[in-house]
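sequence plus the predicted model coming up.
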Amino acid sequence: MRDSGQDGEAAHLIPGAASGYKPAGIAGYEKAPYLDWSNKTGNGSLYSTVDDLYSFDRALNTDAILKSSTRQKYFIEGQGNRYGCYIRKRLGHRVISGKGRSPGFAAELDRFPDDDVTIILLSNSYATVSQDPIAEALAAIVFGQEPPPPAMHAVTIPQSTLAACAGMYQYGPEYFVPNAKFSLTAEPGYLLLELGDLQTPLVPLSADDFLERNFFGHVVMSRGGEGNVTALTTRYGEKEFTARRLEAK
């Protein structure tokens, strides 16, 4: 792995290194905020190439890194993150997925050990769209299945409809950040969600359904008897989180 290493020194130049970006607006991008990667040693500070990661993947199929008995013991299907990987079924095939995301970058390596198939995605965008939908679509093509249709079809809705969604909201204790509060602001043509340091555009798919660009989730508005937005539900895969709208003080 000749083009892999750890970015642990801000003054060190890495030949060929890409600049990182984050989603902005409905379809645009802007430079990701600066991050001193030495603060994330081993957890985001590593860099590599597709060729190097493929060499690493090939080595995992031999005893060069892990013994056969170790691979058989740990590379089994299970719940959640197991030893840095997610081991589950995708499209009816066992897959071992390693994923990484840091400001400006996203990466995924999917190993289908029973099929000797590997899919590697490297992106200089923070958006998860560069990972899950593309990885699944590529796997579907490899296995002769129909890839899922694109999930993003932005529509134009009245600015007054966006303004009616603006305000402060709060998730419950089951959210990733328990009881987190966030704001929605009506920008021209879309909503901007701000939760702490995170800013993510919500692209309208309909008057009540929005695509969250950073993590590729769906945000659905709930309305009361008079048509006012009272809550919203955010869906990431099979997980759903409801946030209630807070009364203005």
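Ah, there it is.

ok, Y169 - how many residues close by?
21 (other C-beta atoms under 10 Å). C-beta coordinates here come from the backbone N, C-alpha and C atoms, glycine included.

just checking, what packs against the helix or strand harbouring it?
Y169 is located in strand 167-171, with elements delineated by DSSP states H and E. Secondary-structure packing of strand 167-171 (3 or more C-beta pairs under 8 Å, 6 or more residues apart in numbering; DSSP states H and E): strand 181-187, strand 229-236, strand 239-245.

now do R101 against V95, distance only.
Distance of R101 to V95, given as C-beta to C-beta, to the nearest Å: 18 Å.

ok, these two, which is more surrounded?
V95 (24 against 19).

show the contacting residues for the more buried one.
I87, R88, K89, D110, R111, F112, A139 (C-beta atoms under 8 Å, 6 or more residues apart in numbering).

got a ChimeraX select line for the buried ones in those?
One line in ChimeraX is enough to select the buried members of these, burial here meaning 16 or more other C-beta atoms under 10 Å:
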select :87,110,111,112,139
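
can you tell me the helix or strand for the closest residue to I96 other than its chain neighbours?
Excluding the flanking residues, the one nearest I96 by C-beta to C-beta, 6 or more residues apart in numbering is R111, at 4.4 Å. Using DSSP H and E, R111 maps to strand 105-112.

and the angle from whichever helix or strand comes after that strand to strand 105-112?
As assigned by DSSP H and E, the chain's next helix or strand after strand 105-112 is strand 117-123. Between strand 117-123 and strand 105-112, the angle comes out at 180 degrees (axes from the mean of the first three to the mean of the last three C-alpha atoms, to 10 degrees).

about what we covered before: give me the contact list for the strand holding R111.
18, 20, 32, 53, 57, 60, 90, 93-101, 117-128, 130-132, 135, 139.

out of those residues, which are inside strands?
Residues of the contacts of strand 105-112 located in strands (DSSP state E): 90, 93-101, 117-123.

mind showing which ranges of this structure have poor pLDDT?
77-84, 128-132, 150-152, 248-249 (pLDDT under 70).

which stretches of it form helices?
50-60, 68-74, 132-142, 159-165 (DSSP state H).

a markdown table for these, including distance to D197?
Below are those laid out as a markdown table (distance: least, C-beta to C-beta, whole Å):
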| stretch | distance to D197 |
| --- | --- |
| helix 50-60 | 29 |
| helix 68-74 | 35 |
| helix 132-142 | 23 |
| helix 159-165 | 22 |
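
would you tell me which of the ones you listed gets closest to L195?
Distance to L195, taken as C-beta to C-beta, is lowest for helix 159-165 among the helices of the chain, at 15.4 Å.

buried set for that closest one?
Buried residues in helix 159-165, defined by neighbour count with 16+ other C-beta under 10 Å: L162, A164, C165.

export that helix as PDB, just CAs?
Presented in PDB, the C-alpha positions along helix 159-165 are these (Å, rounded to 0.1, in the frame of the first residue of the first chain):
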ATOM      1  CA  GLN A 159     -41.600  29.900  -0.400                       C
ATOM      2  CA  SER A 160     -44.600  30.400   2.000                       C
ATOM      3  CA  THR A 161     -44.800  26.600   2.400                       C
ATOM      4  CA  LEU A 162     -41.100  26.500   3.400                       C
ATOM      5  CA  ALA A 163     -41.600  29.400   5.800                       C
ATOM      6  CA  ALA A 164     -44.400  27.600   7.400                       C
ATOM      7  CA  CYS A 165     -42.000  24.800   8.300                       C
END
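
what packs against it?
Against helix 159-165 (3+ C-beta pairs under 8 Å, 6+ apart) you get strand 181-187, strand 190-195, strand 229-236.

just the buried residues of the ones in strands among the contacts of strand 105-112.
Among the ones in strands among the contacts of strand 105-112, those scoring as buried are 90, 93-101, 118-123 (criterion: 16+ other C-beta under 10 Å).
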